[in-house]
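Peer 1: Let's see this in three dimensions:
(one chain, ligands or ions: 2)
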Amino acid sequence: MHESATETPSNGSSDHRFFADPNEPRNDSVDLKAIEAAVRVILGAVGEDPDREGLLETPARVARMYAEMFAGLKSDPGRHLAKVFTENYDEIVLVRDISFCSMCEHHLLPFTGKAHIAYLPSGKVVGLSKLARVVEEVARRPQVQERLTQTVADLIEDRLSARGVAVVVESTHSCMTMRGVRKPGSLCLTSAMRGAFRDDPMSRAEVLGLINRVG
Ligand SMILES: Nc1nc2c(ncn2[C@@H]2O[C@H](COP(=O)(O)OP(=O)(O)OP(=O)(O)O)[C@@H](O)[C@H]2O)c(=O)[nH]1
Ligand SMILES: [Zn+2]
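Peer 2: Ligands and ions are numbered 1, 2, ... in the order given. Alright, predicted model coming up:
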């Protein structure tokens, strides 16, 4: 009998990962127990009592949160670009406003925002959701925004043999808004241009116009 994702595994396991969505990134090397122990230490170090009722489950929660936030650390986000469709279309494909949440590697605080991805196909196109899946998976790593932007652009150029790729990322960094310099509302923009979008000023202007909703 075909097992669906809601049925109990035949081995009786209640491990939620048994039927994990293959599209979701997974990082099995996350050491949950080590994170729990570290969080207990941090709570004690800031003057809290890690054994008070409200904090008892906190170390385990934080461990699960890090496992989720860093699920893309060991995976290959390019796997989402493996299935392509042959299509006689050679103009811009743009998916705008792909929301994401990543983690700043300097402070381990989130930076959140939107990515805009455009490419010029060369005989093959990819499912639109796959562009968003790439962003989602690359975002689940500790990093800087520049690296996220370039990683996404390189993957699309490489795996789709695209004639041009443009990735623009805009985000708010919690480490700049809630601590340190404390500048709520500040926005960080990065872009990575490849192929025609880098070399041809007309193509570059066209794609930036579409991303910025001009014209
Ligand atoms: N280039 C870049 N810098 C980032 C990113 N996320 C955070 N930062 C910056 O990383 C820098 C780390 O600076 P440090 O001087 O080492 O750390 P800090 O003393 O906590 O710095 P402040 O944030 O200025 O208080 C800060 O300027 C952050 O704004 C990012 O994605 N890209
Ligand atoms: Zn930071």
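
Peer 1: switch to C-alpha atoms for all contacts and neighbour counts from now on
Peer 2: Will do.

Peer 1: hey, where'd the strands end up in the protein?
Peer 2: 84-86, 93-104, 110-120, 124-126, 142-143, 164-173, 188-195 (DSSP state E).

Peer 1: can you put these in JSON lines and add mean pLDDT, mean neighbour count and distance to Val39?
Peer 2: Listed next are those as JSON lines, based on pLDDT from 0 to 100; neighbours: other Cα atoms under 10 Å; distance: least, Cα to Cα, whole Å:
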{"stretch": "strand 84-86", "mean pLDDT": "95", "mean neighbour count": "12", "distance to Val39": "43"}
{"stretch": "strand 93-104", "mean pLDDT": "98", "mean neighbour count": "19", "distance to Val39": "17"}
{"stretch": "strand 110-120", "mean pLDDT": "98", "mean neighbour count": "23", "distance to Val39": "18"}
{"stretch": "strand 124-126", "mean pLDDT": "95", "mean neighbour count": "19", "distance to Val39": "41"}
{"stretch": "strand 142-143", "mean pLDDT": "98", "mean neighbour count": "19", "distance to Val39": "18"}
{"stretch": "strand 164-173", "mean pLDDT": "98", "mean neighbour count": "25", "distance to Val39": "23"}
{"stretch": "strand 188-195", "mean pLDDT": "98", "mean neighbour count": "18", "distance to Val39": "30"}
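
Peer 1: out of those, which comes closest to ligand 2?
Peer 2: strand 93-104 (4.6 Å; Cα to the ion).

Peer 1: Measure how far the helix ranked longest in the chain is from the centre of its chain, please.
Peer 2: When the chain is parsed with DSSP state H, its longest helix is helix 145-160. Centre-to-centre, helix 145-160 and its host chain are 11 Å apart (Cα atoms, centre = their mean, to the nearest Å).

Peer 1: if we can go back for a sec, for Ala132, find the nearest of the strands of the chain.
Peer 2: When those are compared by Cα to Cα, strand 93-104 sits nearest Ala132, at 6.1 Å.

Peer 1: What residue, apart from its backbone neighbours, is nearest Arg198 spatially?
Peer 2: Arg204 (6.5 Å; Cα to Cα, 6 or more residues apart in numbering).

Peer 1: roughly how far apart are that neighbour and Val214?
Peer 2: 13 Å (Cα to Cα, to the nearest Å).

Peer 1: Please say which of those two ends up with more neighbours.
Peer 2: The neighbour comparison of Arg204 against Val214 (other Cα atoms under 10 Å) goes to Arg204, with 19 against 9.

Peer 1: Report the contact partners of the residue of the chain found nearest ligand 1.
Peer 2: Residue nearest to ligand 1 within the chain (Cα to the nearest ligand atom): Val144, separated by 3.2 Å. For Val144, the contact set (Cα atoms under 8 Å, 6 or more residues apart in numbering) comprises Met103, Cys104, Glu105.

Peer 1: so can I have TSV of the residues you listed showing distance to His173?
Peer 2: Below are those laid out as TSV (distance: Cα to Cα, whole Å):
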residue	distance to His173
Met103	9
Cys104	8
Glu105	11
